[in-house]
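S.K.: Provided below are the primary sequence and the corresponding predicted coordinates.
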Amino acid sequence: MNKRVLGALFLVGLMALAVVASGCIGGGGTTTTPSTTSSSSSTASATSSPSTTTTASPSEAVKYIESHLSAARVIGTEHYVVVVGPEGTGAKVGSLPNKPVIIVSYKEDTANTKTIKQLMNESQGFGEINPAFLRDPDMDALIQVARKVTDPNVRAGLYNALEVLANRELPEIILGDNKAARVSWNWVHNWYYNPVLAPRWDLVMEDKNAPTVSTGIGSYNNQPGVMSITTIGWPRSFDPAFDYETFGWEIYHNVGDSLVTYWKNETTKISPDLAVAWAHNKDGTVWYFVIRGGVKAYDPKTGTLYPVNATDVEFEFWRVLRGGYSVSWMLSTYTNLSASYAMSDQEFEQVLKNGGVIADFNGKTKDVTSMQDLLSFFGYSGQTAGVYKLVLPHPYGGILSVLADPYLMVIPAKYMLGDKYDAAMKAADWGKKPDAWNNYVQKGSNDPIHKMLQDNMIGVFTGPFYIKEAKQNSYLVLQRNPHYWNATMWSQIEQKNPNLVTTKTVIYILSNDANTRISLFKKGTADIAAVPLTRLNAVENLQLQGFKSKIESFITPDMVFIVLNAQKEPMNNEFVRQALAWAVPYQQVYKSVYNGYMVPNYGPIPIDWLGYTEYNMTKYSYNLQNALNLLKKSGIDPTKYTITIYYNSGNTQRQQLASLLQNSWGQLGFKVSVTPLSWPTLLSKTGSGDFQVYIVGWAPDFLDPDDYIGPFLQSAVVFDSLNYKVIGG
Amino acid sequence: MGDGTKEPKESYEEREEYEMSILDRISDKLIDGLAVFINLFKKDWRRRNQSKIQEWKLMAYALNRSPPALLGLVIVVVYIFFGIVGPYLASWPYDFFPVMYNSTSKLAPPGTNVFLNVTMVKNWHVIHYTTTVHYSIGSDLFGRDLLSVLLAGARTALVLDVFIIMIGPTFGIMLGLIAGYHGGAVDETIMRITDMFLAFPGLILAIALSAVLPGRIQNFLNYHAFAQTLVLKLFALQPRDVNNLGKLLAVFVALIIVWWPGYTRITRGSTLTERENLYVEAARAIGLPSRTIMFKHILPNIIGPILVMITMDFGGVILTEAGLSFLGLGAVPPIPDWGNLINQGAQYFPQAWWLVAFPGIVIVTVVLGWNLLGDGLRDILDPRTRRSMEFKVKKKGAAGGESNA
Amino acid sequence: MAGLGKFLVRRGLTFIPTLIGVTFIVFIIAYVIPANPVRAWAGGEKATQSAVELIKAEYHLNQPWYDQYLFLIKGLFTNSLLDPLNQVPVFTNIGNRFIVTFQLALFAFFFVVLIGLPLGIISALKRNSITDMVLRILALIFISTPIYVMAYLFIWVFFIHWNLTTLAGIPPAPHHQITHIPVIDSIITLNWGNFAEQVRRFWLPGFTLGIAAAGVLMRFTRNSFLEAYSRDSTLFLKAKGVPKGRLYRHVLKNALVPVITILALQFGGLLAGTPITETIFNLPGIGLYALQSVMYLDFPALIGVTFLYAIVFVTANLVADILYALVDPRVRF
């Protein structure tokens, strides 16, 4: 080699050294060192502009890639360039755009990574692996990194990249985001919308002149102050630890309190509920929740009041985890309850004095050194009842969203344990050793506490309502809780709204028949009705004693999508999947199946959530020519293949969708058939990969894109090492 | 009477004369034609079965004199006619979905016209054309012309009817004969099993089978091309829709299983009574095999009420299948099925009243037709009716009338 | 009738294999269905593997088939078997819901007798007249119309147009419960307010359910009456010159014998034939429960429900047989 080349190499090496020496900018590394505001808002509303403009040249990144990755996949997003690949050397990329670069490198642990066959045998479809059984280690790397990253901009960039990958590889064809249509009479006021939490009916008001209609249930009349709702469903269980569906959670949200909550239609700001203040350590692995004092759980049958403190919080969380029902996955994945315990105010003061505790609230951050400090930072000046120390195995950006879920409502331990309370508390050293409670709470549904809660329909309530009476699958009545800790709020609301009354009674009238619900609504027996989208014209422009019916619509994060089994022919060919995506009659489906109540979404993250993007995404639409071209490119002969579409029987929208898909995909040459399956059969077949195509929906558990990206894209790849670095950010 | 033969009139034939209407003459001709037809296969049949032919003619007269039964017969004949040619009479194919091209075609009221801008793939090419659809009695969820779907659905109903009745009751009758004739342990076992199936709620069986069977049926059809073509031709479906039949065929199997026990019970009861007759003992004495006794001697004597039941059950099958479709089992679109139309209509009642009204009227009429016919048959097959005075109208005058038409 | 006692015992014994057989059939279906319902019981799409394993252990789903069968039967009878879909013991669920269905069947039965019997007799008395023809066709129309078509028609007329019924919930039972059947209890305790509520809720579904059975009864009564009329004993009385009234009373007595046995079977049929009516009218009865448990492959509930249906069937038949033996002196055991 001649001198010129040597010289050039020397310069390059020097520059590389400089970069490495200056320390990775922006917090790259194997384990995370969280910077500041990590967790109070898990959905920083969309990606704000990148923090600093690039100072280093893209070739820096190119060189880093070449020296750290053996193969590189480059994904361009709106604000970042994301590069991902296995560790090694020699990956060549062309010139990168002038944006900050996030480089993710990984080493697969093939010995510990389950094979697809294993995952199918274990029925892990939509569990550990995405429902399409598509394996892509690049995606897994990005997903796992995104969970740990705390800089919201970098996080958004990673999720953008995952959106682009999903849009290209199409394990699922996203049909669109549902719009909800909410039907009510216009004497109902202040009915706010929250994408994840059901409404708290005590905050929803009615006009004083609303008509009075008898309901036919006992002596209840639907009148101002009584909120009558006709809908579908029944709680799977009156024990929050054993319920993982929307109706049960709606009830819990109205009769109980969780540590934190989203107030009304807030989606980014977390508000105190049972916890009046919270703080965490520097790396976000230990959280402290100060529990509100003076809260008493009311037992309407006996009139007994049970005071609630931090030990009750600890016991209930621990019981939910111990119960082992599916809903406990959030606790088992994101928290370490064996190391978590309740402490007294004094103990907490001691911890604070030792320093290192940070509080974030309302966009501000503060190092807190005393309880008084913390409480005044949160603007609270009342009593407290202990502090709950929650330990996390890894820092998790969405932990507060998880804690806002209604199934984590707190029930006093004394009520649940009864006369075993003292013995149980002593055995667990008053909460310091929670695993001792294993002797007092059994796993599964044979546990006596579970049975008691089920028989009593929970039984004690800290929330604005209590369950007065219920008849299975027929009706459920909630009555205002006279001992609610925030009861003064109601008279304040009424003073502000002189023509309206707050809700004192809630009656749910359950019916599976849409015609019945519509009839009930028409007569005024129900203030609010769950009406299928295709029957909305039956409740438009109705009048009753001077009031009119009202239909409001919102985009929800619920989405409907079509899963393509990537392990079965012909869907194992990416071009075929894309061809199928171009052959879906989107607009026709929106209009005729969903009555216009659906909007397109080209990736798995709900519209306007953190990480949502349309940049660099193929906007699939109904284009048969594109579909034919891609089929040609794929090289397969469609007439040789039969595609069977599954959906759950009884869901008429999915049935219509399946029929339309059959018609359209059939034109491409495939033999397409449609088979409805009962829900359990569908679950078991799709979980074990025994399907070709199926239609399913998804609703969020909590407000974080990981709740979508994870289940939709992950493939259970285990890594020996996983690193990320941001250059130029 | 006049049977058109040149055989000398027997004495009994002279004694009973009837006033014949035009219907009687038509039925006479038909029965004579049938007798000639059978005579082609079995030599000398017509001569040996004179009295049987005569009985048939009397039955026909009885039928002609009962307007409800006649009405039933007409309805049934029309139903069978449309069942066979319906799919070819429909002006729009059942698998063409106008909603893909114009969403106003969904649930269009009767009498509307909708303009369609069609883009579809034919032979690997994307083609465009425009057309207008006129909905005489409205459209369904997919924009299909209701009249066309009703016509195509007649075939589905008829095929289901014929095969379920052919298999279920036949099996049940055989079992009942065996149980009633042999008695003892055989009788006990068969009746216990029959009771078990009778006690089992049919609805649950239908739903449970529709969970298990469709997959297996589909595999079977895909594996055996002959069966596949047969089923397709029977139901008048396009090849690509064959796999949708899984659910329908599962219901088909379920209905067969639900239907046979009733026949076993009735047949057994009648066989028990009939067995006590002398001729049975005589037949046994001369050494006739049991099978001959059961099928050639006992069965024809007890067939009367059973035949009536079969006729009514033709209607019953349609009703039950429509009920199952209402619950979401049965045919999956695009397979045309009356019950499925009402299922769609029920969700939109009363907005899309035509989806409930018209298929409802069709179902009620067809079932009514079978029931009327069954009722009529019951009267006819009762020997006393044929002999009863009501059907004899004395000849008008000795030398004329229409005695020898 | 000492023979009656022995007859009952004999018949009862033959029904035991039927009952066992029915539950066994369900069990085999459950065993054979290539679907694992546990995932649905454990929370659907979001079910975790550990939750699934837990539930499997609870319901003995990993044990051999005879163990599972015994577990289910034992749990059913000791009322410890929990319905995995709402965590309530299966027999408690069934008990609550059976009361609703029984009440519905009572109302339907009331209409069946009210409409079917008199119309059948009139039709027979005015044999072959226009009235007869009209009534016969009417009966056939009742039988030929699918029940849901009639239901929606009636709802449209009686609920939307005229407010003569309600479709929401179930009126509560009266305070004093003797038979635990609300409508009977309200009559016995003279609680007319509650009685009115029960009637308001149940009359329309009862009417809809009963009308098809009324058609059947009409025809059967007519045939039975005509058959009794053409008997020799009637001829004898006529020859004797007995006045018409007494003649008809004699005929009626003979005609009602088979009718009563049919009524017993019909009541059994009403009890078992309610799923569609319950779906449309929103009555939380056994029919709806059976439908839902099959849709969700809720096998514990399914075994309980089919067992109940089998008992209903068996009892109805037994009652019919007994009635037949009681009223027909020729039948002796």
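M.R.: Arrived safely. Predicted model, so just to flag it, every value in this text is computed and none were measured. Residues are numbered from 1 along each chain as shown, chains lettered A, B, ... in the order given.
S.K.: Following element in sequence after the biggest helix by length in chain C, please.
M.R.: Determined from DSSP state H, the single longest helix within chain C is helix C:192-229. Going down the chain from helix C:192-229, the next helix or strand is helix C:232-240, by DSSP states H and E.
S.K.: How about residues contacting that next one?
M.R.: Outside helix C:232-240, the residues that touch it by Cβ atoms under 8 Å, 6 or more residues apart in numbering or on different chains are C:228, C:246-247, C:250-251, C:254. In short, each C-beta sits where N, CA and C put it, glycine included.
S.K.: any idea which of those is closest to chain B?
M.R.: C:A228 (14.9 Å; Cβ to the nearest Cβ).
S.K.: so who does that closest one touch?
M.R.: C:234, C:251-252, C:254-255.
S.K.: Filter the residues you listed down to the buried ones.
M.R.: Among those, those classed as buried by 16 or more other Cβ atoms under 10 Å in any protein chain shown are C:234, C:251-252, C:254-255.
S.K.: The longest strand anywhere in chain A near chain C at all?
M.R.: Longest strand of chain A, by residue count under DSSP state E: strand A:547-564. No. Against chain C, strand A:547-564 shows no contacts by Cβ under 8 Å from any Cβ of the partner chain, the least distance being 11.0 Å.
S.K.: which is the next helix or strand following that strand?
M.R.: For strand A:547-564, the following helix or strand on the C-terminal side (DSSP H and E) is helix A:574-582.
S.K.: How far away from the center of its chain is the following helix or strand past that next one?
M.R.: As assigned by DSSP H and E, the chain's next helix or strand after helix A:574-582 is helix A:586-592. Distance of helix A:586-592 from the chain centroid (Cα atoms, centre = their mean, to the nearest Å) equals 27 Å.
S.K.: And the next helix or strand past helix A:586-592?
M.R.: strand A:598-599.
S.K.: In its sheet, which strands sit next to that following strand, and in what direction?
M.R.: strand A:172-185 (antiparallel) (DSSP bridges).
S.K.: Tell me what angle the partner strand forms with helix A:574-582.
M.R.: Orientation of strand A:172-185 against helix A:574-582 (axes from the mean of the first three to the mean of the last three Cα atoms, to 10 degrees) gives an angle of 20 degrees.
S.K.: elements contacting the helix or strand following strand A:172-185?
M.R.: Next helix or strand after strand A:172-185 toward the C-terminus (DSSP H and E): strand A:188-189. Applying 3 or more Cβ pairs under 8 Å, 6 or more residues apart in numbering or on different chains; DSSP states H and E, one finds that strand A:188-189 contacts strand A:205-207.
S.K.: pLDDT averaged over the following helix or strand past the strand it packs on, what's the number?
M.R.: Using DSSP H and E, the helix or strand that follows strand A:205-207 in sequence is strand A:213-214. When pLDDT is averaged over strand A:213-214, the result is 86.
S.K.: Tell me the strands beside strand A:213-214, with direction?
M.R.: Looking at strand A:213-214 with DSSP bridges, its partner strands are strand A:221-222 (antiparallel).
S.K.: for chain C, what are the nearby residues on the stretch 301-405 of chain B?
M.R.: Neighbours of chain C within the stretch 301-405 of chain B, by Cβ under 8 Å from any Cβ: B:315, B:319, B:322-323, B:326-327, B:342, B:346, B:349-350, B:356, B:360, B:363-364, B:367-368, B:371-372, B:375.
S.K.: can you tell me which of these are in helices?
M.R.: Mapping those onto helices (DSSP H) picks out B:315, B:319, B:322-323, B:326, B:342, B:346, B:356, B:360, B:363-364, B:367-368, B:371-372, B:375.
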